[in-house]
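Asker: Here is my input; please provide its structure:
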Amino acid sequence: MIVFREPGEVPAGFGPSVVAIGKFDGVHAGHRAVLERARVDAAPSGAKVVAVTFDRNPLSLLRPEVCPEDLVGVTQKLRLLGKTGIDATLMLRFDRALADLTPREFVERVLVGALGAQTVLVGEDFRFGRGGAGNPQVLREIGAELGFRVDVVTDVRALDVDRRVSSTWIRELLAEGDVETAGKLLGRAPSVLGEVVHGLKRGRELGFPTANLSPDLEGFVPADGVYAGWLVDEGSADGLRTGIRYAAAISVGTNPTFDDVARRQVEAHVLDETDLDLYGHLVEVRFLRRIRGMVAFDGIEPLKAQMTEDVREVRAALI
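Answerer: The predicted model follows:
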């Protein structure tokens, strides 16, 4: 998949294209339905399939007080979009200049001028242009004049609860620690991506060494607790990517037994590995199942006994 960071990077004559526009936060089942529809629409003519998205939630600029936490960071989003089989992503920087474009200016500059759109796919609640003045109907009117068709893709819904698959719903599930249901809506295990950094090394002292992720990680961190999951080692910045996947018991929280961690942290104990050195490596931590919530223990021995039980449950969950 080709990645463009601004319309000017798109080479002349790149189109025609079928374009899907959205935040694509999480690239969940609903998003993938839109992108799959775009691929089907593009097949007869051989047009390129392009996702147009943003490097941040537009609300972070327009209404930061109500902007939700992102499900994925930019690196994660691009990786997930790349796995859908589309040809390119235009990752627009959402700044004041972009926000101030009128709907027509946005269409002329991005969809027509850069991408040569022949079809544009959006969701029912799509808004664009200065002050949110653009909607699917406005887009259709502009498209009729400038020569492209607009398809509004209906929501993907979970029939048993009659609720549409959305980033909001997935955030709610993760905030409750329900990574299994969130994973079903995402079509993959929810995950975070970050560098392994030095911590207090208390896990090593207890016989359960952990890889501590930098607070600057990408992805939505689920509720405090212990999880069964995987750690994928992507290697160091100056080395080869390994892609090795390890079974892991994952802890999320502030270490309440010792009460010496100021910020929530993600740390992963890799099962059956005693000499693994991951410092400075980029790793992806995938959450498959919540084992228990985070509690404070009355001393080290009860904590060690529980950690032993946690590892046993994690191992059983991953078989």
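Asker: what stretches of the stretch 151-300 of the chain score poorly on pLDDT?
Answerer: Where the stretch 151-300 of the chain drops to pLDDT under 70, the residues are 200-207, 237-241, 256-262.
Asker: hmm, 90 instead?
Answerer: 154-162, 198-210, 235-243, 254-264, 273-277, 294-300 (pLDDT under 90).
Asker: Next, the buried residues of stretch 23-42.
Answerer: Buried residues in stretch 23-42, counting neighbours by 16 or more other Cβ atoms under 10 Å, are found at 23-39, 41-42. (Glycine included, C-beta is placed from N, CA and C.)
Asker: One more: stretch 218-231?
Answerer: Within stretch 218-231, the residues scored as buried using 16+ other Cβ under 10 Å are 218-223, 225-231.
Asker: Check stretch 115-122 too.
Answerer: Buried residues in stretch 115-122, counted by 16+ other Cβ under 10 Å: 115-122.
Asker: Can you check what pLDDT the model gives Leu121?
Answerer: pLDDT, Leu121: 96.
Asker: From here on, call the first residue 46.
Answerer: That works, and once the first residue is 46, the last one we named lands at Leu166.
Asker: what helix or strand is it on?
Answerer: In this assignment (DSSP states H and E), Leu166 forms part of strand 162-168.
Asker: before we move on, the earlier item: select from the buried residues of stretch 68-87 every entry located in strands.
Answerer: Judged by DSSP state E, the buried residues of stretch 68-87 include no members of strands.
Asker: Centroid-nearest residue for the chain?
Answerer: Residue closest to the average C-alpha location in the chain (Cα atoms, centre = their mean): Val117, at 2.5 Å.
Asker: mind listing what that one touches?
Answerer: Applying Cβ atoms under 8 Å, 6 or more residues apart in numbering, we find Val117 in contact with 70-72, 125, 263-265.
Asker: Which stretches in this structure count as strands?
Answerer: 47-49, 62-66, 93-99, 133-137, 162-168, 194-198, 202-203, 208-209, 236-242, 256-258, 270-281, 289-298, 310-315, 326-337.
Asker: Out of those, the one nearest Arg108 is which?
Answerer: strand 93-99 (14.5 Å; Cβ to Cβ).
Asker: quick one: strands adjacent to the closest one?
Answerer: Sheet partners assigned to strand 93-99 using DSSP bridges are listed as strand 62-66 (parallel), strand 133-137 (parallel).
Asker: Please export the C-alpha coordinates of the last one as PDB.
Answerer: By that I understand strand 133-137. Provided in PDB are the C-alpha atoms of strand 133-137 (Å, rounded to 0.1, in the frame of the first residue of the first chain):
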ATOM      1  CA  ALA A 133      -3.200   3.700  -1.200                       C
ATOM      2  CA  THR A 134      -4.000   5.800   1.900                       C
ATOM      3  CA  LEU A 135      -3.900   9.500   1.900                       C
ATOM      4  CA  MET A 136      -3.200  10.400   5.600                       C
ATOM      5  CA  LEU A 137      -4.100  14.100   5.900                       C
END
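Asker: Show me what that strand is in contact with.
Answerer: Applying Cβ under 8 Å, 6+ apart, the contact partners of strand 133-137 are 46-52, 55, 59, 62, 93-100, 119, 122-123, 126-127, 143, 155, 159-160.
Asker: quick one: which of the buried residues of stretch 68-87 sit in helices?
Answerer: Among these, DSSP state H puts 74-84, 86-87 in helices.
Asker: Make TSV out of those residues and add distance to Asp207.
Answerer: Listed next are these as TSV, based on distance: Cβ to Cβ, whole Å:
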residue	distance to Asp207
Ala74	15
Gly75	15
His76	20
Arg77	20
Ala78	17
Val79	20
Leu80	24
Glu81	22
Arg82	22
Ala83	26
Arg84	28
Asp86	28
Ala87	32
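Asker: Closest one of those residues to Ala203?
Answerer: Nearest to Ala203 out of those is Ala74 (Cβ to Cβ; 9.1 Å).
Asker: State the pLDDT value of that closest one.
Answerer: With respect to pLDDT, Ala74 has a value of 92.
Asker: what about it, distance to Ala350?
Answerer: Between Ala74 and Ala350 the computed distance is 40 Å (Cβ to Cβ, to the nearest Å).
Asker: same check, this time on Val242
Answerer: According to Cβ to Cβ, Val242 and Ala350 sit 28 Å apart.
Asker: between these two, which one's more packed in?
Answerer: Val242 (15 against 11; other Cβ atoms under 10 Å).
Asker: What's opposite the more buried one in the beta bridge?
Answerer: Beta-bridge pairing for Val242 (DSSP bridges): Asn257.
Asker: any idea how the protein splits into domains?
Answerer: For the chain, the domain assignment from automatic domain parsing gives the residue ranges 47-203, 235-363.
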